[in-house]
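**Q** sequence first, then the predicted structure:
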Amino acid sequence: MNRSSWKFTYTADKLLEAATAKKDFHTGRLDWWTGKRKETEALIRSEGIEIDESVAVGSLGYASSVSNSLHRGPSVNIRNDLVRDLSECVSKTQEHEAKIRDYGAWVQVLASQGQASLDLQQDDWLFFFGK
């Protein structure tokens, strides 16, 4: 058997249902990731910024003469975990937006095909019906 040459016949209306379901799924995921991105951005604004001062600064707020040459001054950083979370949110929203465009295009095409029979290969089947 050569699975790569197998064909599966489906009617366009069944593929339309599958494409619509996939589009709806990715729309839901996009909504979730968009909300998560807003939460992460709010968290960064409220508590994600850290000020790192040199350990050479003593409890009195100034550097001692012995460690003065080691004083590097303060730096401001955004917490790495929040930067990572924001990057993931941006990546996921872009991924789901692309899938919504892909499935949306197929919804438009398949909506015009009615009961036409179409042959699918394995990767086509996975695109419409795979998990």
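**A** Received it, and whenever you're ready, just let me know what you need.

**Q** C-alpha from now on. contacts and neighbour counts both.
**A** Noted.

**Q** neighbours around I51, how many?
**A** 10 (other Cα atoms under 10 Å).

**Q** can you give me the pLDDT of it?
**A** Looking at I51, its pLDDT stands at 75.

**Q** run the chain-centre distance for the worst-scoring helix or strand of the chain on mean pLDDT.
**A** Using mean pLDDT, DSSP states H and E, strand 49-52 stands out as the lowest-scoring helix or strand of the chain, at a mean of 75. From the chain centre to the centre of strand 49-52 is a distance of 27 Å (Cα atoms, centre = their mean, to the nearest Å).

**Q** I'd like the average pLDDT over the helix or strand just after it.
**A** On the C-terminal side of strand 49-52, the nearest following helix or strand under DSSP states H and E is strand 75-78. Mean pLDDT, computed over strand 75-78, is 80.

**Q** T27: what's it in contact with?
**A** H96, E97, I100 (Cα atoms under 8 Å, 6 or more residues apart in numbering).

**Q** let's see that with 7 Å instead.
**A** I100 (Cα atoms under 7 Å, 6 or more residues apart in numbering).
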